[in-house]
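[1] coordinates only, sequence not included:
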């Protein structure tokens, strides 16, 4: 699979790194999980693959692999077991996001950048509305959200983990 190249001096994903990863995903021989696909990162270089096109393809791969993982979970645990696992994960997410604003996640280490607390709190309010009022929120909204940096902001790893888990819940509910 190839992707459009951006024209130099514009930057895109490193061609060799993307090609190697896509080959692993498509081979079916390696054990690449939906989480591996969601967290894939590639060096950015001048004249590489179009970032948007690669990201769209990775989302499709992630959806396909997640559906396969969900079928395997149902075959191992039964539909009730798979549903209860997704519900437990959804409840853990909800428990986190109903906390008081500015206290929903651990702070970044002293004098380092984290995610802007206001940005994250606003997005977690959208997640809460999705849960409680069924407001529209897509997997792409979750995958594509970005937060401004802030000294003393929220710990990035903790926020990213919650977003990854939310995508897992959304894929399981599909």
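    Nice, I can see it. Keep in mind that what you see is a predicted model, and the values were worked out from it rather than measured.
[2] just for this protein, where's the confidence low?
    Confidence mapping of the chain against pLDDT under 70 gives the ranges 1, 29-30, 174.
[3] all helices of it, in order?
    Counting by DSSP state H, the chain has helices at residues 15-27, 34-38, 51-97, 117-133, 139-144, 156-172.
[4] Spit out the contact partners of the closest residue in space to residue 106 that isn't next to it in sequence.
    Distances taken as CB to CB, 6 or more residues apart in numbering put residue 155 closest to residue 106, at 4.4 Å, once the chain neighbours are dropped. C-betas here are computed from N, CA, C, even on glycine. By CB atoms under 8 Å, 6 or more residues apart in numbering, residue 155 lies in contact with 105-109, 114-115.
[5] separation between residue 82 and residue 9?
    Separation of residue 82 from residue 9 (CB to CB, to the nearest Å) stands at 48 Å.
[6] Between those two, which has more neighbouring residues?
    Neighbours around residue 82 and residue 9, counted as other CB atoms under 10 Å, are more numerous at residue 82. The numbers are 19 against 7.
[7] Switch the helices of the chain over to TSV; also include distance to residue 45.
    Converted to TSV, the helices of the chain look like this (distance: least, CB to CB, whole Å):
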stretch	distance to residue 45
helix 15-27	8
helix 34-38	21
helix 51-97	11
helix 117-133	28
helix 139-144	22
helix 156-172	24
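[8] closest one to residue 4 among those?
    With CB to CB as the measure, helix 51-97 is the member of those nearest residue 4 (5.6 Å).
[9] Now do that closest one and helix 156-172, the angle between them.
    In terms of direction (axes from the mean of the first three to the mean of the last three CA atoms, to 10 degrees), helix 51-97 departs from helix 156-172 by 100 degrees.
[10] distance of residue 110 from residue 155?
    12 Å.
[11] can you tell me which of the helices of the chain comes nearest to residue 2?
    helix 15-27 (7.9 Å).
[12] Contacts for that closest one, please.
    Helix 15-27 is contacted from outside by 1-3, 5, 30, 32, 37, 40, 42-43, 48-49, 54, 57, 61, 65, using CB under 8 Å, 6+ apart.
[13] Could you rerun that using 6 Å?
    Contacts to helix 15-27, defined as CB atoms under 6 Å, 6 or more residues apart in numbering, come from residues 1, 30, 32, 40, 42-43, 48-49, 54, 61.
[14] got the buried residues for it?
    Of the residues in helix 15-27, 15, 17-18, 21-22, 24-25 count as buried by neighbour count, 16 or more other CB atoms under 10 Å.
[15] what do you get for stretch 59-77?
    59, 61-63, 65-66, 69-70, 73.
[16] And stretch 92-106, by the same measure?
    Residues of stretch 92-106 classed as buried: 93, 96-97, 104-105 (neighbour count, 16+ other CB under 10 Å).
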